[in-house]
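*Asks:* sequence unavailable; structure follows:
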């Protein structure tokens with residue numbers, strides 16, 4: 001891109017002033033006036049950057065992984081350049097996860113550092129450190145996350161432990177009584193954490209996301225069909241609807 005001197009920019013911007021009203025096209029005209037490549041501005045106008053972001057969001061949903069790196073190994077720079085943004089100055093991307101504990105404490109995973117934060121009663125945020133892909137909270141002081149190694153980690157009042165490090169998981173949920181449920185990455189089986197390992201609750205249906213209230217009310221999204229299923233401690237029952245994501249309240 002050819003760099004413009006200040007006089008050239010002033011000459012380009014001056015005709016844009018003095019209008020009675022400005023519409024959404026003004027920002028694109030201003031970018032062109034400041035010397036941004038016409039191709040980049042056209043792609044921005046047409047939403048190509050949003051297309052790149054939407055595709056990555058879908059990729060994360062399909063693979064149940066929060067990351068700046070897609071399943072094909074491309075980071076956000078490669079994704080944006082594939083969408084046509086090659087003459088860029090600064091690029092960034094945000095991905096995150098959040099959840100509430102049963103007693104109303106909010107936990108979030110910030111990006112791009114993927115650190116876990118807890119919002120305190122006074123409104124301040126406490127950085128619990130750690131590198132996390134997903135979070136499920138049991139109480140104001142106890143939370144469980146899927147670490148960067150795809151294994152279960154527990155944070156208890158700021159201290160981290162790794163209670164299970166042999167099974168890769170793709171999603172977790174904590175029920176009202178503090179029971180931790182997870183999805184095994186290899187086959188989508190529903191697991192229950194017993195304190196030192198996992199018990200298999202069901203391997204009859206491969207699920208990719210879960211949300212648990214208790215042993216009789218666990219929602220899951222089928223990996224093959226996106227249909228919402230309810231686990232009632234005996235079997236999975238189809239709820240007859242599809243969903244991209246699910247959540248179950250403490251009351252039902």
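*Replies:* Received the coordinates, thanks. Every value quoted in this text rests on a predicted model; they were computed, and no experiment measured them.
*Asks:* switch to C-alpha atoms for all contacts and neighbour counts from now on
*Replies:* Will do.
*Asks:* might one say that residue 165 is in contact with residue 152?
*Replies:* Yes. Counting by C-alpha atoms under 8 Å, residue 165 touches residue 152, with 6.7 Å between them.
*Asks:* mind checking which of these two has more residues around it?
*Replies:* The neighbour comparison of residue 165 against residue 152 (other C-alpha atoms under 10 Å) goes to residue 152, with 29 against 14.
*Asks:* name whatever forms a beta bridge with the more buried one.
*Replies:* Residues in a beta bridge with residue 152, per DSSP bridges, are residue 146, residue 164.
*Asks:* swap in the one 4 residues further on?
*Replies:* Applying DSSP bridges to residue 156 gives these bridge partners: residue 142, residue 159.
*Asks:* what is the burial count for it?
*Replies:* When counting by other C-alpha under 10 Å, one arrives at 16 neighbours for residue 156.
*Asks:* tell me how far it lies from residue 118.
*Replies:* Distance, residue 156 to residue 118, by C-alpha to C-alpha, to the nearest Å: 12 Å.
*Asks:* intersection of neighbour lists for the two?
*Replies:* By the contact definition C-alpha atoms under 8 Å, 6 or more residues apart in numbering, residue 156 and residue 118 are jointly contacted by no residue.
*Asks:* so what sits against both of residue 165 and residue 152?
*Replies:* Joint contacts of residue 165 and residue 152 (C-alpha under 8 Å, 6+ apart) do not exist.
*Asks:* where in the stretch 1-150 of the chain is pLDDT low?
*Replies:* Across the stretch 1-150 of the chain, the ranges flagged by pLDDT under 70 are 1-10, 12-13, 16-24, 26-27, 34, 39-40, 42-69, 85-96, 98, 111-113.
*Asks:* which residues of the stretch 51-200 of the chain fall in strands?
*Replies:* Taking DSSP state E, counting those that start in this stretch, the strands of the stretch 51-200 of the chain run over residues 97-100, 106-109, 116-119, 125-129, 132-137, 142-147, 152-156, 159-164, 169-174, 180-184, 190-193, 198-202.
*Asks:* let's have the ones you listed in CSV, adding distance to residue 76.
*Replies:* Formatted as CSV, the strands of the stretch 51-200 of the chain follow (distance: least, C-alpha to C-alpha, whole Å):
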stretch, distance to residue 76
strand 97-100, 18
strand 106-109, 18
strand 116-119, 22
strand 125-129, 23
strand 132-137, 17
strand 142-147, 21
strand 152-156, 27
strand 159-164, 30
strand 169-174, 22
strand 180-184, 27
strand 190-193, 32
strand 198-202, 35
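*Asks:* out of those, flag the one nearest residue 211.
*Replies:* strand 169-174 (5.5 Å; C-alpha to C-alpha).
*Asks:* which residues touch the closest one?
*Replies:* Contacts for strand 169-174 (C-alpha under 8 Å, 6+ apart): 64-65, 134-138, 144-146, 150-152, 180-185, 208-213.
*Asks:* next one: stretch 234-242
*Replies:* Against stretch 234-242 from outside (C-alpha under 8 Å, 6+ apart): 202, 205, 221, 225-231.
*Asks:* next, the buried residues of that stretch.
*Replies:* Buried positions in stretch 234-242, judged by neighbour count with 16 or more other C-alpha atoms under 10 Å: 236, 238.
*Asks:* residues in contact with the residue nearest to residue 242 when sequence neighbours are not counted?
*Replies:* Distances taken as C-alpha to C-alpha, 6 or more residues apart in numbering place residue 227 nearest to residue 242, at 4.1 Å, with adjacent residues excluded. Counting by C-alpha under 8 Å, 6+ apart, residue 227 touches 221, 238-243.
*Asks:* identify the residue nearest residue 175 in space, chain neighbours excluded?
*Replies:* Spatial nearest neighbour of residue 175, chain neighbours left out: residue 213 (4.5 Å); criterion: C-alpha to C-alpha, 6+ apart.
*Asks:* distance check, the one you found against residue 132.
*Replies:* Taking C-alpha to C-alpha, one finds residue 213 at 23 Å from residue 132.
*Asks:* same check on residue 121?
*Replies:* 23 Å.
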